[in-house]
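# My questions concern the predicted model and sequence given below.
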Amino acid sequence: MAAITEPVAANANQINQDILRVLTPPSSLYVISVLLLMGVVGAGVAALAYQTWKGFGVTGLNHPVMWGVYITSFVFWVGIAHAGTLISAILYLFRAKWRSAINRGAEAMTVFAVITAALFPLIHIGRLWKVYFMLPYPNQRGLWVNFKSPLIWDVFAVNTYMIISILFLYVGLIPDIAAARDKCTDWRRNLYNILALGWRGTAEQWRHHARTVLHLSGLATPLVLSVHSVVSWDFAVSLVPGWHTTIFAPYFVAGAIFSGMAMVITLMVPVRKAFGLEAHIRSEHFDNMGKFIVLTSSIVAYSYAIEFFMAWYSANPFEQGSFWHRAFGDYWWATWIMIICNVVIPLPLWIKRVRVNVVALWVISIFINLGMWFERFVIITTGLSHEYNPAAWGYYTPSWVELTILLASFAWFLMWFLLFLRIFPIVAIQEVKESHYETQEEGAH
Amino acid sequence: MTTDVVQPSSLPRGPALLFGVLALVGLVTLFYGLFADSERTYRVFLHNWLLWAALSQGALVLSAAFRLTNASWQGPIHRVVDSLAAYVPLSLVLFGVIYLGRHELFEWTRHPIHGKEWWFSEGFTFIRDTIALLWMTLISGFYVYLSVRPLLGEARENTSGSRLALYQRWTAGWRGEAAERELAVRRLRKLAAVLVLSYVLAYSLLAIDLIMSLAPHWVSSMFPAYYAWGGFLSAISMTALLCVLMRNSEGLRGEITTNRLHDLGKMIFAFSIFWMYLFWSQYIVIWYGNMPEETSFILARLGSQFLQDTWYLEGFWTRLAEPYVKITLLAWILLWVVPFWVLLGQRPKKTPAILGTVAFGSVLGFWIERYVLVTPSLVPPESGAAPNTLLAPLGGIEVGLALGFLGLFFLCFLTFGHVFPGLLPAKSGVR
């Protein structure tokens, strides 16, 4: 193996110190960032209030494109939420040890991404106060939700996913909260005291902890596949040309992991730099994340290709027309942004030198985020704008209200992430220690 | 540690004789069938070809996956996996038989399909498929060469005859064992990525040209990936089966530990769930859309029961008696129901008899599944038959050809172990 030129953590104490240092009083830059983000969230809330007051006419949504930026963002954010569970559950079961440096960040990101995603159906229904109509419960009106609708499957899928990802984050946090509790002197000590659930680090507690993580992983693994599959069926089970195609479920899941991994990189690179975590989040971690990007980008590219091919192969003029429209019609620019960002720009990551170059990886990851948002936009919007009847074709332009809310969703997501950083350890201390000592043991042989 | 020295060995007499006889049975059946009922013979040949080609190539994809993920649990198992690829060149050769039978198999060779005339034209279709198979054979050969080469240096010393000549050719420019090993690991990792990518593209193409084209109006963007995944899963099942069967053989003794069995079991378990996921994702979209150009494929295999708008119990057994339904369900039971429920716990995964039986069932399930993919397109259920009868019976030709392929496949496997003795199986510590 090549010589490691990066700093490596010396011992367990240093690991504690390094990671808990993130929790010390924040710099003014941090405070300003959080306030700025809160301001943008405020603008989003104002836009939402305006939309709720005036009605849905203030959006660009109209016949035939009734699903636009909101549903695009919903699918996008659910997708982002996939990296966390992939890393914590699937990589855990596959015994991929490198995950320990990034799993906490990814899990936290997952929770905030699901919360962000869950806002969009609410925003999209317009009459927010009717939201409980989505939940099935016995009622005097004798009304039930339509269980045959994939939109209702979504309610279940996303909520299940939210519960599991919060549990995952929390269970992993318990030992680390206890470590923080033991060092903490300010107001957070009471919080940690409660959340640590009396953790003392006894052998018995560790045993239970390990069993819990294992079982949670087993339960969460199918969820990585199911959630975005259900989301994909919102589209695929309809008869809209460009939507109705069988590959959608795995294609959406691969895209979700692709975008989620990219978002982990987008977030963790600045965090690593700002808080001096270079000794814990090392280039081998970025190398592996880069490999995941290469794999999922290839699957996404395969799906694009097979979709276009099958549209032609079907000999169905509507299907062919929809895909022609997608590539060369009104929305050609969105389609080509999608293809370039998701297929072409990640290509250099096949080379190891690029994968371990943190700056290059970071820049590519931002393009992937952009590309994946556009992928959802392309699928949703081009499909609806160009259905069967030429008289019902149309063009959709998002209004400022929609764009403000979209921007605010990013601010909202980042705001939670930044707040989380300061309250809970962003790197899983106990797991880093485990792999630290295992590496040492291997080295000793 | 690195004691996997190549020792000369001869073909194991018993198995070699058995598989040789089976291959001969296959050859005789092929010639008999071509005179007796050529349409049926080509159909059965295609179905078997689809199974074994994807299985042997899928095995090399598994080997590539081990290398790409830096897997370290498998020990000598990856030598077993590499040996399964010995059949790969033969699938290219046997593709020639499919070409000979093109007029019997592919309707479009006689009546071009409107809108797909150039895609399904005799020249273009078979040339591109041959190129795909040729490419797969070449890189597979190169992959196996790189994988085997570091182990041949020492082997040259105690070998003679034609084997020595081969070893010398394959070890030209020898750099010393340590350097060779390191170089091989680096090169193989790069080649592994190319191999996986090529497999997905080539076997997607074959799925379109050799299976979807049998029902040329049917469309499913999932199907090519579904077929390719089947090849991968069947290779895992075959690996598990062989590891269980050969666990007490010369070089594998003591290597197929409980932990390794557990890991093999987990792989079958997880990837069979993924197979089910792919199947379900394809099925639900088709069921929900309910468009004839999509449902036709399902209707011909799973019958009308699985295309009802809801779960009507009345007439359930009548619908289940429709042609091909039960055999399709049998494939599903062997490929998902049994692996899922039996391998759910830890103990069954670690018990050789149970794991081996499930793995055997899975390979058999794929043989049936490939039959179901091919046959109903060529002998459609509309042609009418009494309930519960198979329209395309499992008769002498079916059994004979299946045994022939089985024999050929394992002759290749054994020959590989004979030419590179000691590699199969090799001692642990080899990466």
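Sure thing, it's come through.

# residues from chain A in reach of chain B?
Within reach of chain B by Cβ under 8 Å from any Cβ of the partner chain, chain A has these residues: A:94-96, A:222, A:225, A:229, A:233, A:236-239, A:244-250, A:291, A:298, A:302-303, A:306-307, A:309-310, A:313-316, A:350. In short, each C-beta sits where N, CA and C put it, glycine included.

# what secondary structure does the residue in the stretch 251-400 of chain A that chain B sits nearest to sit in?
Residue nearest to chain B within the stretch 251-400 of chain A: A:A315 (3.7 Å; Cβ to the nearest Cβ). Classification of A:A315 using DSSP: H, G, I helix; E, B strand; the rest coil returns coil.

# Backbone dihedrals for the residue nearest to it when sequence neighbours are not counted, please?
In space, and not counting its chain neighbours, A:A315 is closest to B:G115: 3.7 Å by Cβ to Cβ, 6 or more residues apart in numbering or on different chains. Dihedral angles of B:G115 (phi, psi; degrees, to the nearest 10) stand at phi 90, psi -20.

# Check A:I102 too.
Note on A:I102: backbone dihedrals following degrees, to the nearest 10 are phi -120, psi 0.

# Could you double-check that it sits in contact with A:I281?
Yes: taking Cβ atoms under 8 Å as the definition, A:I102 is a contact partner of A:I281 at 6.5 Å.

# So these two - more neighbours on which side?
Neighbours per residue (other Cβ atoms under 10 Å in any protein chain shown) separate A:I102 from A:I281, with A:I102 holding more: 30 against 23.

# mind checking pLDDT for that one?
For A:I102, the pLDDT comes out at 81.

# And for A:G55?
The model reports A:G55 with a pLDDT of 91.

# count of residues packed around it?
Other residues near A:G55 come to 11 when the count uses other Cβ under 10 Å.

# Quickly note the distance from it to chain B.
Between A:G55 and chain B the distance is 32 Å, computed by Cβ to the nearest Cβ, to the nearest Å.

# rewinding a little: show me which of the residues of chain A next to chain B are buried.
Those of those that meet the buried threshold are A:225, A:229, A:233, A:236-238, A:244-250, A:291, A:298, A:302-303, A:306-307, A:309-310, A:313-316, by 16 or more other Cβ atoms under 10 Å in any protein chain shown.

# Are we agreed that A:T24 is in a helix?
No: counting by three-state DSSP, A:T24 falls outside a helix, being coil.

# list residues touching both of A:I102 and A:I281?
Residues touching both A:I102 and A:I281 (Cβ atoms under 8 Å, 6 or more residues apart in numbering or on different chains) are A:M268, A:V427.

# returning to that earlier point: wait, the residue nearest to A:A315 sits on A:A311?
No: at 12.0 Å, B:G115 and A:A311 do not qualify as touching, with contact defined as Cβ under 8 Å.

# who has more neighbours, the two?
A:A311 (23 against 16).

# which residue packs closest to that one, ignoring adjacent ones?
Closest to A:A311 by Cβ to Cβ, 6+ apart is A:F323, at 4.0 Å.

# Now do the contacts for the one you found.
Taking Cβ under 8 Å, 6+ apart, we find A:F323 in contact with A:G242, A:E307, A:F308, A:A311, A:W312.

# quick one: contacts for the residue nearest to the spatial centre of chain B?
Ranked by distance to the mean C-alpha position of chain B (Cα atoms, centre = their mean), the top residue is B:L55 at 1.5 Å. Contacts for B:L55 (Cβ under 8 Å, 6+ apart) come out as B:L84, B:G231, B:S234, B:A235, B:M238, B:V363, B:F366, B:F409.

# What about those, which are in helices?
B:L84, B:G231, B:S234, B:A235, B:M238, B:V363, B:F366, B:F409 (DSSP state H).

# Of those residues, which is the nearest to chain A?
B:G231 (15.7 Å).

# Secondary structure element holding the residue lying closest to the closest one once chain neighbours are set aside?
Leaving aside its sequence neighbours, B:G231 sits nearest to B:A54 (Cβ to Cβ, 6+ apart; 2.8 Å). Secondary structure from DSSP states H and E places B:A54 in helix B:38-68.

# how far away is A:S88 from A:L167?
Noted for A:S88: a distance of 11 Å to A:L167, by Cβ to Cβ, to the nearest Å.

# Settle it for me: which of those two has more neighbours?
Shown here are A:S88 and A:L167; by other Cβ under 10 Å, A:S88 has more neighbours (30 against 15).

# Now for that one: which residues touch it?
A:S88 touches A:R99, A:N103, A:A106, A:E107, A:F168, A:G172, A:S217, A:A220, counting by Cβ under 8 Å, 6+ apart.

# Distance check, it against A:G201.
Remark: distance between A:S88 and A:G201 (Cβ to Cβ) = 21 Å.

# pLDDT weak spots in the chain?
You didn't pick a chain, so chain A it is. A:1-12, A:21-22, A:435-445 (pLDDT under 70).

# Not quite, go with chain B.
B:1-11, B:251, B:383-392, B:421-431.

# Any residues of it in contact with chain A? List them.
Close to chain A, as judged by Cβ under 8 Å from any Cβ, chain B has residues B:68-69, B:73, B:113-116, B:119, B:193, B:197, B:200-201, B:204, B:208, B:217, B:219-225, B:273-274, B:277-278, B:281-282, B:284-286, B:288-289, B:291, B:293-294.

# how about a cut-off of 7 Å?
B:114-116, B:197, B:200, B:219-222, B:224-225, B:277-278, B:281-282, B:284-286, B:288-289 (Cβ under 7 Å from any Cβ of the partner chain).

# and these, which are buried?
B:115-116, B:200, B:219-222, B:224-225, B:277-278, B:281-282, B:284-286, B:288-289.

# Does the helix or strand hosting A:G39 pack against any helices or strands, and if so which?
Taking DSSP H and E as the criterion, A:G39 maps to helix A:28-54. Packed against helix A:28-54 by the contact rule (3 or more Cβ pairs under 7 Å, 6 or more residues apart in numbering or on different chains; DSSP states H and E) you find helix A:400-423.

# Could you list every helix and strand in contact with the helix it packs on?
helix A:28-54, helix A:69-80, helix A:103-125.

# ok, and what's touching it?
A:22-23, A:26, A:30, A:33-34, A:37-38, A:40-41, A:43-44, A:47-48, A:50-51, A:58-60, A:68-70, A:73, A:77, A:108-109, A:112-113, A:116, A:119, A:123, A:188, A:267, A:271 (Cβ atoms under 7 Å, 6 or more residues apart in numbering or on different chains).

# And for stretch B:297-311?
Stretch B:297-311 is contacted from outside by B:215, B:218, B:283, B:286-287, B:295, B:316, B:319-320, B:322, B:324-325, B:328, B:372, B:376-377, B:380-381, using Cβ under 7 Å, 6+ apart.

# Pull out the buried residues from it.
Within stretch B:297-311, the residues that count as buried by 16+ other Cβ under 10 Å are B:F297, B:I298, B:L299, B:A300, B:R301, B:L302, B:G303, B:Q305, B:F306.

# Repeat that for stretch B:253-261.
Of the residues in stretch B:253-261, those buried (16+ other Cβ under 10 Å) are B:E255, B:I256, B:R260, B:L261.

# Check stretch A:392-400 too.
A:W393, A:Y396, A:P398, A:S399.

# now these in JSON lines, with distance to B:L46 and secondary structure?
Formatted as JSON lines, those follow (distance: Cβ to Cβ, whole Å; DSSP: H, G, I helix; E, B strand; the rest coil):
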{"residue": "A:W393", "distance to B:L46": "44", "secondary structure": "coil"}
{"residue": "A:Y396", "distance to B:L46": "48", "secondary structure": "coil"}
{"residue": "A:P398", "distance to B:L46": "51", "secondary structure": "coil"}
{"residue": "A:S399", "distance to B:L46": "56", "secondary structure": "coil"}
